[in-house]
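**Student:** Coordinates for the following, if possible.
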Amino acid sequence: MNEPLSPETEAAIRASLSNKIHAIKLYREATGVGLKEAKDAVERMAAESRPSGELPGSLPTNAPAKGCFGLMVLGGVVLGAFAVRHLLT
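**Tutor:** A predicted model of the protein is given here:
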């Protein structure tokens, strides 16, 4: 029983692509296919919705690298405090 997806169901699955397990569950409920077929179909849908050249789980190339500088500053402060404490004792 491989029923075509209604536009509403397809939209719900595409909206759930960030939670692949939920998207696969929705696809299986809507179509009645097995787990492997649903997984393959959801992965195809995810690949179609990604910009070309972008890998699954990768950050977009224009994403700012937030947090790295702050961690480096924190590490420097901790290391500096340790050095000062070590020199004073």
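**Student:** and whichever strand or helix holds Leu74, how far from the chain's centre?
**Tutor:** For Leu74, the host element (DSSP states H and E) is helix 68-88. On the basis of Cα atoms, centre = their mean, to the nearest Å, helix 68-88 sits 33 Å off its chain's mean C-alpha point.
**Student:** ok, now stretch 82-89?
**Tutor:** Mean C-alpha position of stretch 82-89 versus that of the full chain (Cα atoms, centre = their mean) differs by 43 Å.
**Student:** Give me the mean pLDDT for it.
**Tutor:** When pLDDT is averaged along stretch 82-89, the result is 80.
**Student:** ditto for stretch 23-42
**Tutor:** Throughout stretch 23-42, pLDDT has a mean value of 94.
**Student:** Report the backbone C-alpha coordinates of that stretch in PDB.
**Tutor:** Below are the C-alpha coordinates for stretch 23-42, written out as PDB (Å, rounded to 0.1, in the frame of the first residue of the first chain):
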ATOM      1  CA  ALA A  23       9.600  12.500   9.600                       C
ATOM      2  CA  ILE A  24      10.100   8.800   8.900                       C
ATOM      3  CA  LYS A  25       7.200   8.000  11.200                       C
ATOM      4  CA  LEU A  26       4.900  10.400   9.500                       C
ATOM      5  CA  TYR A  27       5.900   9.100   6.100                       C
ATOM      6  CA  ARG A  28       5.300   5.500   7.200                       C
ATOM      7  CA  GLU A  29       1.900   6.400   8.600                       C
ATOM      8  CA  ALA A  30       0.900   8.200   5.500                       C
ATOM      9  CA  THR A  31       2.100   5.600   3.000                       C
ATOM     10  CA  GLY A  32       2.100   2.300   4.700                       C
ATOM     11  CA  VAL A  33       5.600   1.500   3.500                       C
ATOM     12  CA  GLY A  34       8.300  -0.300   5.500                       C
ATOM     13  CA  LEU A  35      11.000   1.400   7.500                       C
ATOM     14  CA  LYS A  36      13.800   1.200   4.900                       C
ATOM     15  CA  GLU A  37      11.500   2.600   2.200                       C
ATOM     16  CA  ALA A  38      10.400   5.500   4.400                       C
ATOM     17  CA  LYS A  39      13.900   6.300   5.500                       C
ATOM     18  CA  ASP A  40      15.100   6.400   1.900                       C
ATOM     19  CA  ALA A  41      12.200   8.600   0.900                       C
ATOM     20  CA  VAL A  42      12.800  11.000   3.800                       C
END
